[in-house]
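**Q** quick one: sequence plus predicted model below, questions after.
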Amino acid sequence: MRDLWMLVRTAIWLAFFGALYQELRKPDAERTWHGKVAGVVPYDFRLPTLERLRAAYWDPSSDVIFTDHVFGVGWAVNVPVAARKLAAMVDQYGNASRALRSRASSREDG
């Protein structure tokens with residue numbers, strides 16, 4: 001488990017330095033301080049705004065669980081969508097479990 005944590009931590013640092021390198025390679029006028037490292041991992045080094053925080057962490061009208069991080073490198077979790085999808089999974093598990101118990105009890109009776 002410790003090796004996995006070290007691997008994840010190394011990947012985060014590589015993405016961070018990759019984002020900085022990507023921005024510093026650009027001429028001053030073209031630096032936006034947000035984008036994607038290798039076209040995959042989002043980064044944003046601008047000051048966060050309330051609107052961007054809300055869009056990243058609290059957008060119930062969206063279906064996207066993982067959004068671009070508001071500050072730094074990586075992804076944010078859209079809490080209402082994650083909760084809704086988790087509730088749907090628990091509900092689906094409960095329905096499947098009830099159906100299996102129902103079938104098992106009807107076989108025992110029959």
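**A** That came through, no problem. Numbers count the residues shown, from 1 in each chain.

**Q** can we go C-alpha only for contacts and neighbour counts from here?
**A** OK.

**Q** which intervals of the chain have sub-threshold pLDDT?
**A** 109-110 (pLDDT under 70).

**Q** in it, which helix is the longest?
**A** helix 79-109 (DSSP state H).

**Q** buried stuff in that helix?
**A** Of all the residues in helix 79-109, those buried under the rule 16 or more other Cα atoms under 10 Å are 79, 80, 81, 82.

**Q** swap in stretch 54-73?
**A** For stretch 54-73, a neighbour-count test (16+ other Cα under 10 Å) marks 55-60, 65-73 as buried.

**Q** out of those residues, who's nearest residue 21?
**A** For the buried residues of stretch 54-73, the minimum distance to residue 21 (Cα to Cα) is 13.0 Å, reached by residue 73.

**Q** which ones are touching the closest one?
**A** By Cα atoms under 8 Å, 6 or more residues apart in numbering, residue 73 lies in contact with 12, 15, 16, 19, 41, 42, 43, 44.

**Q** wait, the last one sits on residue 76?
**A** No - at 11.6 Å, residue 44 does not count as touching residue 76 under the criterion of Cα atoms under 8 Å.

**Q** what sits in contact with each of the two?
**A** Taking Cα under 8 Å, 6+ apart as the criterion, residue 44 and residue 76 both touch 69, 70.

**Q** could the contacts of residue 73 be laid out in CSV, adding secondary structure and neighbour count?
**A** Below are these laid out as CSV (DSSP: H, G, I helix; E, B strand; the rest coil; neighbours: other Cα atoms under 10 Å):
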residue, secondary structure, neighbour count
12, helix, 15
15, helix, 22
16, helix, 19
19, helix, 25
41, strand, 18
42, strand, 22
43, strand, 24
44, strand, 19
